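Q: Only the shape, not the letters, is given here:
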């Protein structure tokens with residue numbers, strides 16, 4: 001049975017969890033810093049500056065990973081779907097309980 005066409009836009013929430021293995025922390029933080037430097041950011045409107053933001057990236061591989069992840073590409077090319085925004089973050093340690101399937105708890 002096919003879904004009928006939607007007459008109005010439909011908002012869905014897509015939750016994702018991605019496990020990664022970091023094999024070169026220096027390369028990762030270098031990439032995050034390079035992307036930050038290349039970004040069109042008006043630092044006068046930010047709480048910090050380029051130097052402190054760079055230090056934050058260099059100080060945490062988790063922050064660096066979150067900075068380079070592009071979740072908008074997950075649905076790139078999907079017909080009838082428009083990326084509206086989202087959040088990507090990385091944390092060390094085990095996944096939060098709310099993101100762990102009951103079968104793995």
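A: The structure has been received and is ready for your questions. Only a predicted model underlies this, so the values are computations on that prediction, with no experimental measurement involved.
Q: CA atoms for contacts and neighbours, from now on please.
A: Will do.
Q: Burial check on residue 31, number of neighbours?
A: Using other Cα atoms under 10 Å, residue 31 has 17 other residues around it.
Q: do you know how far it is from residue 13?
A: 29 Å (Cα to Cα, to the nearest Å).
Q: Could you check the longest helix seen in the chain and say which residues are buried?
A: The longest helix of the chain (DSSP state H) is helix 25-38. Across helix 25-38, burial judged by 16 or more other Cα atoms under 10 Å covers 28-29, 31-33, 36.
Q: Same check on stretch 49-65?
A: For stretch 49-65, by 16+ other Cα under 10 Å, it's 54, 57-58, 61-65.
Q: Which of these fall within helices?
A: Secondary structure from DSSP H places 54, 57-58, 61-65 of the buried residues of stretch 49-65 in helices.
Q: between the residues you listed, which is nearest residue 91?
A: residue 62 (5.7 Å; Cα to Cα).
Q: Verify the stated contact: the closest one with residue 88.
A: No: assessed by Cα atoms under 8 Å, residue 62 is found out of contact with residue 88, at 10.9 Å.
Q: In space, not sequence, find me the middle residue of the chain.
A: Nearest to the mean C-alpha position of the chain, by Cα atoms, centre = their mean, lies residue 88 at 2.7 Å.
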